[in-house]
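>>> sequence first, then the predicted structure, then my questions.
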Amino acid sequence: MAGPRSELVDPTALSANDTIAVPPEHRASYVVRALMSEIMKPVQADQVLEESVTLEATDLYYRPVWAFEFTWQGKGKQGIVEIDSLTGQARQGKALVGSIKSMLSRDLLFDVGADTVGLFVPGGSIAVKLAKAAIDKK
């Protein structure tokens, strides 16, 4: 993560020029809860006067993976090779075009946003879901 990076305001901007952007595999709330369970260790004490954990920021980093699709004309076969741009590791890929485009939807973005707001504002996820319902009704 020491390389160049830039802030992405709109995740749909990644899908320009035939680029397929895969939504996160885990929601922000899951990642934060898993991290908090590792941080919070039981204390052997008679009395605990105060305990607090402050989460100042949650950042999502997209990991670029280049996928190349090729066709072997002589045998009529197709294949996909994926190359991880961070490690350089190559592996056999799967056809993602049909499944990925349907995964990155408006509803998914609202759900991820609601979970993120809920982490910082108690009950905030309810407000985001109500706003989505109001927008959908119009």
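Perfect, thanks for sending it.
>>> residues in contact with the closest residue to residue 27 other than its chain neighbours?
Using CB to CB, 6 or more residues apart in numbering and skipping residues adjacent in sequence, the residue nearest residue 27 is residue 115, 4.8 Å away. The way it works is simple: take the backbone N, C-alpha and C, and place the C-beta from them, glycine included. Residue 115 makes contact with 27, 28, 29, 125 under the criterion CB atoms under 8 Å, 6 or more residues apart in numbering.
>>> so who does the third one touch?
Put plainly, it is residue 29. Neighbour list for residue 29: 115, 116, 118, 119 [criterion: CB under 8 Å, 6+ apart].
>>> that one sits in which helix or strand?
Secondary structure from DSSP states H and E places residue 29 in helix 28-39.
>>> can you check the last one too?
Using DSSP H and E, residue 125 maps to helix 124-137.
>>> for residue 19, helix, strand, or coil?
Taking DSSP: H, G, I helix; E, B strand; the rest coil as the rule, one finds residue 19 in the coil state.
>>> number of nearby residues for it?
Using other CB atoms under 10 Å, residue 19 is surrounded by 10 other residues.
>>> after the helix or strand of the chain with the lowest mean pLDDT comes which helix or strand?
Per-element confidence for the chain was summarised using mean pLDDT, DSSP states H and E. The lowest value among helices and strands belongs to helix 97-103, with a mean of 54. For helix 97-103, the succeeding helix or strand toward the C-terminus, using DSSP H and E, is helix 106-120.
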